[in-house]
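[1] Fold the following for me, if possible:
(chains A, B, C, D and E, ligands or ions: 4)
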Amino acid sequence: MALLKVEHIYKSFGGVKAIQDFSIEANRGEIHGIIGPNGAGKTTIFNVISGIYPADEGKVLLDGKDITRMEQHLISREGMGRTFQNIRLFKGLSVLDNTMCAFDPRSRYGVPGSLLPLPKRYAEEKRGREICMGYLKMVGLESYAQEKPENMSYGYRRRLEIARALTCEPKVLLLDEPAAGLNPVEVGELTELILRLSRELGFAILLIEHRLELVMNISQIIHVQNFGKTIASGTPGQVRSDPGVIEAYLGKEEC
Amino acid sequence: MQILQYVINGIALGSVYALISTGFSLIFNVLKFSNFSHGALMTFSAFTGYFVAAANGWGLVPTILAAAATGSLVALAGEFVAFRRILIRNTSPIYFFVSSITLGTLFEGIVVLQVGANFYNYPRFFGKPLKLAGLVISQSDIIIFCISAFVLVVLALVIQKTRLGRALRSVSFDRDTASLMGIDVTRSIQFAFIISGALAGLAGVFLGINYTLYPTLGSLVVKGFIASVIGGLGSLPGAVIGAMLLGIVETTLISTIGSGYAPVFTFLIMLVFLLVRPRGIAGSNIQEKA
Amino acid sequence: MAMLEVKDLCVSYGHVVALKHVSIEADEGEIYSIIGSNGAGKTSLLRTISGLVKADGGYVEFMGDRLPAKPHQIVRKGIVHVPEGRRTFSGLSIQDNLLVGGYLYKDLEEDLEAQYRRFPILRERKHQFAGTLSGGEQQMLAIARGLMSRPRIMLLDEPSLGLAPLIVNQIFDLIREIRDSGITIFLVEQNARKALSICDKACVLENGMVTVCGNGKELLCSDVVKKAYLGA
Amino acid sequence: EGETINVGCLQDISGPTSSLGNMATAGVQWAVDEINAAGGVNGKMINLIVYDTKADVTEAINAYTRAVTSDNVSAIVGPPIANIALAIAPESENNDVQILGFAIDSKCQIKPDGTPYKNMFDFQPSAAQQATIMAKYALKNGFSKFGVIYNEGNAYSVSLQAPFIDTVTANGGEVAKVVTYTSNDKDFKTLLQPIVSADVDAVFVPNYTQELILIAQQIRALGYEGSLICGLDACPPFNTLFGEDCDGIYFINNIDGTEANVQAMLAAVKEKTGIDATNKFFLGYDVANILKGIFETVGTNPVGVRNAAEQVTNYAGLTGNITIDPATHMPKGLEMVMFTYQGTTPVMLERYSAE
Amino acid sequence: MTLYTHILTQILISVVSVAGVFVLTGMTGMFSLGQAAFMAIGAYTSGILVTKLSAPIYLAWPAGVVLAVAVGFIVGLPTVRLRRDYISLVTLGFGEAITALLNRTTALTGGASGLTGIPKVTTLWSALVSAVLVITLISLFKNSKYGRQCIAVRSDELAAKSMGINVPKVKMIAFLISVAVTAYGGCLYAFYTAYVDPSLFGWKKSAEWVIMVFFGGVNSLTGSVLSTFVLSGLPEVLRFLQNYRAIIYAVLVLLIINFKPAGLLGEWELTPRNLRRIIARGRRVQQPKGVN
Ligand SMILES: Nc1ncnc2c1ncn2[C@@H]1O[C@H](COP(=O)(O)OP(=O)(O)OP(=O)(O)O)[C@@H](O)[C@H]1O
Ligand SMILES: Nc1ncnc2c1ncn2[C@@H]1O[C@H](COP(=O)(O)OP(=O)(O)OP(=O)(O)O)[C@@H](O)[C@H]1O
Ligand SMILES: [Mg+2]
Ligand SMILES: [Mg+2]
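    Ligands and ions are numbered 1, 2, ... in the order given. You can find the predicted model right below:
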């Protein structure tokens, strides 16, 4: 049974057919790339999978469970972590607290616990902090734990987004252009990071990316979207030499 | 016949609310905050209109002009003392809330200081009400209706079609970026305040004509708020439709269940409305895109 | 005389220092590329030039004159900034976004037409709200909007961010084309290889300081740059 | 022990009812000036301390506490507004300082158990008495079918309507339509419509002046040509504020402007301060003088002051002959004066007592 | 009782209500203009139970709080799903509705003449204990996971949802806690002044509380408490200025907004630990300056 199974989803906005018949199956430890021209509907796929938009048609199964019509926060709790193309961090919270927020839904104390000084609560807070610091360390932000994200540069904020998504302890991680705004060296580091995450944490990763050096190096399978449709899917090598993909997306020139 | 009369009364009431809610919505539209000082501004300019023009025996038009001019100027001053720095700092909405409420207190305080807490009555500007086939329509209601219709149309045209209007709208989304387009953000905001102030003055005078002038006259602005929620926050056509609807609903409620429970039912209607159609009547709903 | 001269610029946000004594100059009609890692201060430099951020020290001169203080006055001089992260007016239609871009001018028919020709997707969607465009579409809109104000200098902050490779190439072609039409360009790019290969001059910003300066080809071959920014 | 007697004057100096409060304060001040000019009370000067309640209950309690705990006043000339008096009443049980006011709602003076609050007094006819006077007068003068419109958000308005309706129905009249509104209402046309359609002889309008003006204007706009019967609030300066002829508007007053000593006072006040004194001025003036008499006979001991206040009998004030009923702390059988307008000139009709 | 204990008691009662508003406005960024109406529900319910049904206080007060929370739940239901601007306007309508109801139901509430005969139970000490208790509870809440989530929701609802935060629930919890606390403040108030009338609970009162929260520093509970003392005490101190009071008050708040935008304390809390830190360092903790 695949960890994430997306079956024939459709989504349109008014006249814009953003997704037409998209399917994917991703297993533990796999990294799937999704590429395609701008406006092809890649982000929309993520938005549908993570429950921001309801799908017009089709089904999304996470670890065998139908999550198509579930509420967004429940989908996340089922094990769906994501980052945003336009960074969306929580202003007013420190870097650590940003990640803590993603841990909180799993933290095991309720309203009484949050109003009273129960030992349980402190234990849980401590556990959460340790977990979060672990993820921050993973993305290299451990020394920025008390910083304000709005004071950080673009690249650091991207990393924080990843750390926050990891804190959701996802089974499936959706990364929407994580390398945007990184320089090639940093992209190299990110490549390492994603590979390590995939190895150590063993989730399935869906990766939208325009930086081919990243996506081509780490994906097992790449799906190419154009005008909402999947025009090709296969190994990086296959995709790269597909004439349709070259015409629609890659262009003649090598990157 | 009775029912028709109630509808007429409702529309008359709605036109006053519309004048209030358009001025309020304009600022909401541009700056995305509820300007709670709008009410006190209405009072302030209505009183100025009274003392500058009406009390000297001048007619309706000079009174309106004086009030509108005062409204604009005072709104401009208000923008400077209460909002300028917050706008520059790009801070959270609570600042606007606090600033505008405080500014309202200030305006009201000044009015009380100058005129005491007494109430005043504008001279009769209008003749006897018109009687038409058993229906009674007061002349001031007709004039108010025409003026609010006119103002709305002009305003909508300016906002939608002109260069200035576009600039205003872009400022309403992202001030920094708007300034990168060569727009003088401060000017644009001042412009919005001037217009909204003039509307406040106009509304103030008509409220005064209908309901006498007193320092807390501005609390009628609450009706404008409710109207703009019903119509869709920040939408100018919505503000007018909402106001008319509120006027008619209120008169209907008053004539059926009486005035006592009317606010309760108005509230319940608003609640149901928000459940069924959260964006209001004319509010657009852009689905947020991640 | 240089067209734009940045002299000894210092910028800080509260206690965070973003730029330390940065001096650079660019001549008319050239592409000046700025590279550097995350947080180096590239964006801060552009934001200071365009007036969004006040400098603590130093100044910027345009054609020998100090720039005015406010962003909208600076735009009038012909310096336009296409900001990082697109910043399109989400609730305005594409057409309105473009028209706002040309706010300073009355007669925009031709400019509009030119942008639509350049980015046909924008014409197709001209009544769609900008906020609902895809990331890349928004990026195109942002650049087109910048061009609407008929600039003499364009500050481009990561214009290829989030664009498909095909479009990235087009954008770099476009940048060259814009340069050839006489507009000076300040280009901040993470795609350092591309940026250096099309630029005339370049500098490297590290921790708010200029460490290396030179023409594009030189930097492209420099070992330091190669190691740190090209990932070779 | 000191050379002066502190007297508090707790009034709405600002806020919507401030015209009443200011007028009452002016009356008290006038009396105090007279008393001090004449050598004070047993040689001691009266020091009047004015407290602004801002027509706000919380403010009023603060001001009251300040008066009794920190300024050590010997008595307070109290608020003219029922809600304020109601708020202070329970608080006043904790000490012995007397509050001599003119809140006509009997709840201000009488506890729910029927006994009076020990320190609360009223020196003008109670709401029930005033309403009865108006009802009886109206019936006597040939009105029989009434409409009533009152503000249910205002204690004064509420306290007048019930006794009026009771008196009318008990004496063979008919109340055809009763409508209520709230303080937020400004547009009365829809409310008034049924009253106008009911074709009544007169409409009872026990409301504050400002609302009265709106109601009068709007009911006339609806084509109503019958009479309006109003309380104290249609007293001048209503006529100048109304802006139209006030024919057909009836009201009661504490004073009779045709009486010689009232006229003399009006003229003196006008000359010295430029104010056109109204009934609240005279109420304040009378209470201050009653207080002076009490101080002169029993001194400033609060308990003594209370006993003396309960014993006030036949005090001949400008607002009538005042006799306090110890069981209610309100006057017995005090007369009021019925008025109407001709054009904008008030015309006195007759003196009238509820009994 | 002296004037000072009287004023202090009143301020402490306000502190309770302002602490309630802090949860809503300070933490979650929602403004309620009907908060005073919830205070009214607490005050009237407990007052009526005691005066009309002779219920004991230990039942009447909780009943007031519970009823307010129940009503709050109904009001909150549609609002927590909406954009934040709406809550202020919805609660405004709610406040009007409550005032109208109180005026209407004369038999029960005394209508416009107010509810009289409430026993005077609240003392300086009970007000003090209540205030301390409420502040402790809320500061615990602020530092709990819900406190964090409130801020996350304030900053970006969509991202919060994607991180598994149940946004309407978090908003509702914050709203109900603030309603409960304010309603409790209402009980304290009613049993202190022994008299309540509907005019006490208008939207101006709610707005005043929001201003107090802001004045102290949007994210600082101790700041809110401090500013309640300053701003409630101020009118008393300025009593001699009569009509100028309102103006001075307004000017003061505007000055703070313009020149000390983060409020008195900003996001800083006046905790013993922080205090010790200052003393140790011998200087104030620095607020980062506002940018551009
Ligand atoms: N909420 C919405 N309303 C209307 N149209 C939308 C909405 N969301 C997306 N679209 C449209 O759907 C199409 C697909 O958008 P999407 O963001 O998925 O593209 P993308 O593949 O992620 O592109 P990019 O690589 O540029 O980010 C676009 O044309 C966009 O304009
Ligand atoms: N608004 C701000 N407040 C405080 N600090 C800021 C702010 N903006 C930027 N900084 C800080 O200034 C420094 C320079 O940031 P800048 O955004 O200029 O970097 P950059 O070179 O553009 O990085 P990137 O490539 O990631 O976009 C960083 O340390 C950043 O944390
Ligand atoms: Mg995308
Ligand atoms: Mg940058």
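
[2] What are the phi and psi values at C:Leu108?
    C:Leu108 adopts backbone torsions of phi -110, psi 0, taken as degrees, to the nearest 10.

[3] give me every residue that touches the residue nearest to it when sequence neighbours are not counted.
    Spatial nearest neighbour of C:Leu108, excluding adjacent residues (Cβ to Cβ, 6 or more residues apart in numbering or on different chains): C:Gly102 at 4.5 Å. Yep, even glycine has a C-beta here, placed from its N, CA and C like the rest. Neighbouring residues of C:Gly102 by Cβ atoms under 8 Å, 6 or more residues apart in numbering or on different chains: C:Leu108, C:Asp111, C:Leu112, C:Met148, C:Ser149, C:Arg150.

[4] And for A:Arg164?
    Applying Cβ under 8 Å, 6+ apart, the residues near A:Arg164 are A:Thr83, A:Leu89, A:Asn98, A:Thr99, A:Cys101, A:Ala102, E:Met163.

[5] CA atoms only: put stretch C:124-140 into PDB for me.
    Output in PDB follows, covering the C-alpha atoms of stretch C:124-140 (Å, rounded to 0.1, in the frame of the first residue of the first chain):
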ATOM      1  CA  GLU C 124      -4.900  36.000 -21.500                       C
ATOM      2  CA  ARG C 125      -5.500  36.600 -17.900                       C
ATOM      3  CA  LYS C 126      -5.700  40.300 -17.800                       C
ATOM      4  CA  HIS C 127      -8.900  40.400 -15.700                       C
ATOM      5  CA  GLN C 128      -7.800  37.800 -13.200                       C
ATOM      6  CA  PHE C 129      -6.800  38.900  -9.700                       C
ATOM      7  CA  ALA C 130      -3.000  38.900  -9.400                       C
ATOM      8  CA  GLY C 131      -3.200  37.100  -6.100                       C
ATOM      9  CA  THR C 132      -4.500  34.000  -7.800                       C
ATOM     10  CA  LEU C 133      -1.800  33.800 -10.400                       C
ATOM     11  CA  SER C 134       0.900  31.100 -10.100                       C
ATOM     12  CA  GLY C 135       4.100  32.100  -8.500                       C
ATOM     13  CA  GLY C 136       5.900  32.400 -11.900                       C
ATOM     14  CA  GLU C 137       3.000  34.300 -13.500                       C
ATOM     15  CA  GLN C 138       3.300  36.700 -10.700                       C
ATOM     16  CA  GLN C 139       7.000  37.100 -11.200                       C
ATOM     17  CA  MET C 140       6.400  38.000 -14.900                       C
END
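
[6] coming back round to it: can you select the buried ones from the contacts of A:Arg164 in ChimeraX?
    ChimeraX command restricting the contacts of A:Arg164 to the buried ones, with burial defined by 16 or more other Cβ atoms under 10 Å in any protein chain shown:
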select /A:83,89,98,99,101,102 /E:163
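
[7] what separates the closest residue to ligand 1 within the stretch 101-250 of chain D from chain E, distance-wise?
    Residue nearest to ligand 1 within the stretch 101-250 of chain D: D:Asn184 (41.2 Å; Cβ to the nearest ligand atom). Look at D:Asn184 and chain E: by Cβ to the nearest Cβ, to the nearest Å, they are 7 Å apart.

[8] secondary structure element for that residue?
    According to DSSP states H and E, D:Asn184 maps onto no helix or strand at all.

[9] thinking again about what came up before, can you list the contacts of C:Gly102 in a markdown table and add pLDDT, neighbour count and distance to D:Tyr137?
    Formatted as a markdown table, those follow (pLDDT from 0 to 100; neighbours: other Cβ atoms under 10 Å in any protein chain shown; distance: Cβ to Cβ, whole Å):
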| residue | pLDDT | neighbour count | distance to D:Tyr137 |
| --- | --- | --- | --- |
| C:Leu108 | 84 | 18 | 78 |
| C:Asp111 | 88 | 19 | 82 |
| C:Leu112 | 89 | 19 | 80 |
| C:Met148 | 90 | 25 | 80 |
| C:Ser149 | 88 | 22 | 80 |
| C:Arg150 | 89 | 14 | 84 |
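
[10] out of the residues you listed, which one sits closest to D:Tyr250?
    Nearest to D:Tyr250 among these: C:Leu108, at 71.0 Å, using Cβ to Cβ.

[11] Am I right that the closest one is in contact with C:Leu99?
    Yes. C:Leu108 lies in contact with C:Leu99 (Cβ atoms under 8 Å); the separation is 6.1 Å.

[12] overlap in contacts of the two?
    Shared contacts of C:Leu108 and C:Leu99, defined by Cβ under 8 Å, 6+ apart, are found at C:Met148.

[13] rewinding a little: what about the contacts of C:Gly102, which are in helices?
    Those of these mapping onto helices are C:Asp111, C:Leu112, C:Met148, per DSSP state H.

[14] May I have the phi/psi pair for the nearest residue to A:Lys171 once chain neighbours are set aside?
    Counting by Cβ to Cβ, 6+ apart, A:Lys171 lies nearest to A:Gly79, which is 3.5 Å off, once chain neighbours are set aside. Main-chain torsions, A:Gly79, degrees, to the nearest 10: phi 120, psi 40.

[15] What is the neighbour count of A:Gly79?
    A:Gly79 is flanked by 21 other residues according to other Cβ atoms under 10 Å in any protein chain shown.

[16] ok, back up a step: just send the contacts of A:Arg164 back as CSV, with pLDDT too.
    As requested, the contacts of A:Arg164 are exported to CSV (pLDDT from 0 to 100):
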residue, pLDDT
A:Thr83, 93
A:Leu89, 93
A:Asn98, 94
A:Thr99, 94
A:Cys101, 93
A:Ala102, 92
E:Met163, 92
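
[17] interface residues of the stretch 51-200 of chain A facing ligand 1?
    Residues of the stretch 51-200 of chain A that fall close to ligand 1, judged by Cβ under 6 Å from any ligand atom: A:Gln85.

[18] can we see that at 8 Å?
    Listed as neighbours of ligand 1 in the stretch 51-200 of chain A under the rule Cβ under 8 Å from any ligand atom: A:Tyr53, A:Gln85, A:Asp176, A:Glu177.
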